[in-house]
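> Below are the sequence and a predicted model; questions follow.
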Amino acid sequence: MTEHTITLEGVSTALGGVDVLEDVSLSVERGEFLGLVGPNGAGKTTLLRTINGVLDPDAGTVRLVSDPIEGLSAREVSRRVATVPQDTSVAFEFSVEDVVRMGRTPYRSRIDVVADDADRDAIERALDRTEMLDLRDRSIAAVSGGERQRAFVARALAQDTPALVLDEPTASLDINHQVQVLELVADLVDEGKTAIAAIHDLDLAARYCDRLALLSDGRLQAVGTPETVLTDDHLQPAFGTRTAVTPDAVTGAPNVTAIADPTRDRDAHVHVLGTGATAARAITKLWQAGFDVTAGPLPAGDAALSVARELDVEAIESPPLAGPEEAMLREASEQCRRARATVLADPVIGSDGHVLDLAEASERPLLVETRPFDERNRAGEQARERYRELESRATAASIHGLAPAIVESTVPETVPADD
Amino acid sequence: MRFGTRLLSWTVGLVVALFAVVVVSAAIGPVSLDVVAVAKATLNAVGIPAGLAVGIEEGGLAGITIPTPTVDVSYAYPFAFEVPGTAETIVRQVRLPRIALGAVVGFALASAGAVMQGFFRNPMADPSIIGVSSGAALGAVATIAFPVAIPLGLQTAAFVGALVAAFAVYAIATENGRTPVATLLLAGVAVQTFLGAVISYTLLQAGESLDRAVFWLMGHLNNSTWAEVEVTLPLAVLTFGGLLAYARDLNVLMLGEEDARTVGIAVERTKRILLALSSIVTAAAVAVAGVIGFVGLIVPHVMRLLVGPDHRILLPTSALAGATFLVATDTLARSGPSELPVGIVTAALGAPFFLYLLTRREVHEL
């Protein structure tokens, strides 16, 4: 019987009311490198977060070796799974060795001040294995992106776990470092580690992974060898675009080329104004309908901002208390001007009335209201006047009727023929 | 240099600096004393707890008799130098209690500040950020203004107020067992603002005791007693030990909570413990000395420039530097033509120095 290091059984989870993972079952065998592929917002990162214990799924079980993860403490989980994070940019002056040493946290008691021999050995081996020995005293903020990524792989090695979780380990690297990092992971897997990695680049995933799992809309669409997963039948519905799969001339691994789909206007740009749950739902609907969505300004911590981040929707983030800065408003105003349509989702009129200013920059405003205006007005009677003007100019729409309303409102008006 | 050597040399250096500042401070005053005699008298005052006696005392509160446990600590004094009697009395009975309390308060505020800045990953965080100081201030001001209504000692009221405020902020910011740091920060700001309003109103009602209340708010160390030192010093040392045990966790938390979780930190529990310990140590300091600003903010920043971000060394050095800084500023505060509350001096010296660091781009982030 094959030994499974990581097993997911019927895992489902929702974030901010949007289903991100639906009934995902997947297992990763010992000594296997599994690549998680799929479009932006498919739920790849969320899936990895259920495996390293950061997120508790709403339903289903995650097992590490044979133990259900919910019965394990943070420390026990971190002795089984080490994570290489997606964003390794750090703005403080820890040395590379300090960062690698943090990988020993699960093995050290709170009281001992000095590392013991096992810790020192593990750190040395990890630095050596990732070729970071020469850079050990350099500040983590001062090394290159590829070196920083290797430092975090070294930290994961120092953690001495059977399994590695890597979230887009190559996302911010140039091609030469991408290959270096993936070679390293593939070698570690050959030496007995089990790895699961979200990889954006299908060609690289095909080249280095033993098996691929294709995720789209939170569902697992296909699992198997790169050749069986990377087929037109699987990729076209998942990515919503036509693809051509050919064997790579150098490596022989499948090579995927996306072909623009002429039947769907994916370039239609829609900007979303407004905050909270309604904006979050508007963003999701528009994104699902295939629009090129932008949003903001959204204050840090807002539900709509989390959804935008989850879906890789470009959003202007404003500081939580202060309200948007001048530059953010300029950017948002530019988005509203350029967008084919601007959706105002339950807009709250703050005291500075910037939402109204932005709405005026848009040629085609659409208004989605689920709460009365009085609840959303914080700018007094003067704003009521301006809001009425906006109402008369805007197309009213419901969340569900949003996509058709945009298509209708943007059909070029028929110009009356000259008599 | 190896970590152990660095930690040791910084610690020894700062302990020497602290002792030097203490001796100089004890020599300054209306009666000028010989520095050598002062140093000897200071060493004579160093007491090491040698024995504990626990008893029960019948205490009365609002007419009800409550048995309260009492703890009697006996001290052993390792040094016994020959010092002239007057010098010994002035140093030991008049000047040292105040200096020792200043050192304890500085120690407490700076260590809590270092923890809060790391915890919040925010350079403007200081020990009072989750409402501790405002809560203490309300407790103290209310006791001064309405002594009859609140039958607690001033310090007890301030201490309780501080912990109630901190716990309220924590409870408001916690949902489903999670306490997001950003929410905690905002809840802290809101509660501080609200308490500020209540304090202002209380001051309006304070009548004749207004002077005392305002003076308390400014942060001061006069009329310090050995009794205050005996309560705050063990509390500060114990909580500091607790915080130090979490120094490595704090380092890992600087990489982000999600990342900390993946290397085995039980993030929410760690946050609760860090918040509780730093609130207690800050509450104790504020309860005896009022709201002394800037020590908890600038001292950790300066130490971070000198020793780096590793909390295993940042925490002890900040604590010792905080003690040294507050003793030095309090000496300035009491040696001018008229005595100033030390809070004025720390802010007046600390803020420009902080701005200098800021414009030199030495301090821009953690």
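The structure has been received and is ready for your questions.
> Give me the neighbour count for residue 6.
Let's take chain A. A:I6: 26 surrounding residues under other Cβ atoms under 10 Å in any protein chain shown. Every C-beta, even on glycine, is put in place using the N, C-alpha and C of the backbone.
> You answered for a different chain; I wanted chain B.
Using other Cβ under 10 Å, B:R6 has 16 other residues around it.
> who's in contact with it?
B:V307, B:I313 (Cβ atoms under 8 Å, 6 or more residues apart in numbering or on different chains).
> Just want the phi and psi numbers for it.
In terms of degrees, to the nearest 10, the main-chain angles of B:R6 are phi -60, psi -50.
> pLDDT score assigned to it?
Per-residue confidence at B:R6 stands at 90 (pLDDT).
> mind checking the SS state of the residue nearest to A:F92 when sequence neighbours are not counted?
Distances taken as Cβ to Cβ, 6 or more residues apart in numbering or on different chains place B:P309 nearest to A:F92, at 4.9 Å, with adjacent residues excluded. Assigned by DSSP: H, G, I helix; E, B strand; the rest coil, the conformation of B:P309 is coil.
> same check, this time on the one 4 residues further on
Remark: B:I313 carries the secondary structure label helix [criterion: three-state DSSP].
> Test my guess that it contacts B:S9.
No - counting by Cβ atoms under 8 Å, B:I313 does not reach B:S9; the two are 10.3 Å apart.
> Can you pick out the residue with more neighbours from those two?
B:I313 (19 against 11).
> what about B:V214, how many residues close to it?
B:V214 has 14 neighbours, counted by other Cβ under 10 Å.
> Could you check the pLDDT of it?
89.
> what does the one 10 residues further on give?
On pLDDT, B:S224 comes in at 87.
> Tell me who's in contact with it.
Residues near B:S224 by Cβ under 8 Å, 6+ apart: B:P97, B:R98, B:A100, B:L101, B:G102, B:V288.
> what residues are up against the second one?
Residues in contact with B:R98, defined by Cβ under 8 Å, 6+ apart, are B:L221, B:N222, B:S224, B:D330, B:R334.
> Extract the residue ranges of the stretch 201-350 of chain B that are flagged as low pLDDT.
Within the stretch 201-350 of chain B, no range satisfies pLDDT under 70.
> For chain A, give me its nearest residue in it.
Residue nearest to chain A within the stretch 201-350 of chain B: B:G264 (3.2 Å; Cβ to the nearest Cβ).
> can you pick the most crowded of the contacts of B:R98?
Busiest of the contacts of B:R98 [other Cβ under 10 Å] is B:D330, holding 31 neighbours.
> list the buried ones in the one helix or strand that residue maps to?
In this structure, B:D330 sits in helix B:311-335 according to DSSP states H and E. For helix B:311-335, burial by neighbour count (16 or more other Cβ atoms under 10 Å in any protein chain shown) applies to B:311-334.
> Please work out the average pLDDT along stretch A:39-59.
Stretch A:39-59 comes out at a mean pLDDT of 90.
> low pLDDT regions in the stretch 51-200 of chain A?
Along the stretch 51-200 of chain A, segments meeting pLDDT under 70 span A:88-91, A:112-115.
> Flag every residue of it that's near chain B.
Within the stretch 51-200 of chain A, the positions near chain B by Cβ under 8 Å from any Cβ of the partner chain are A:52-54, A:73-79, A:81-83, A:85, A:90-94, A:98-99, A:102-103, A:105-106, A:108, A:110-111, A:113-114, A:155, A:159, A:165.
> Separate out the buried members of those residues.
When these are checked for burial by 16+ other Cβ under 10 Å, the buried set is A:52-54, A:74, A:77-79, A:81-83, A:85, A:90, A:92-94, A:98-99, A:102-103, A:105-106, A:108, A:155, A:159, A:165.
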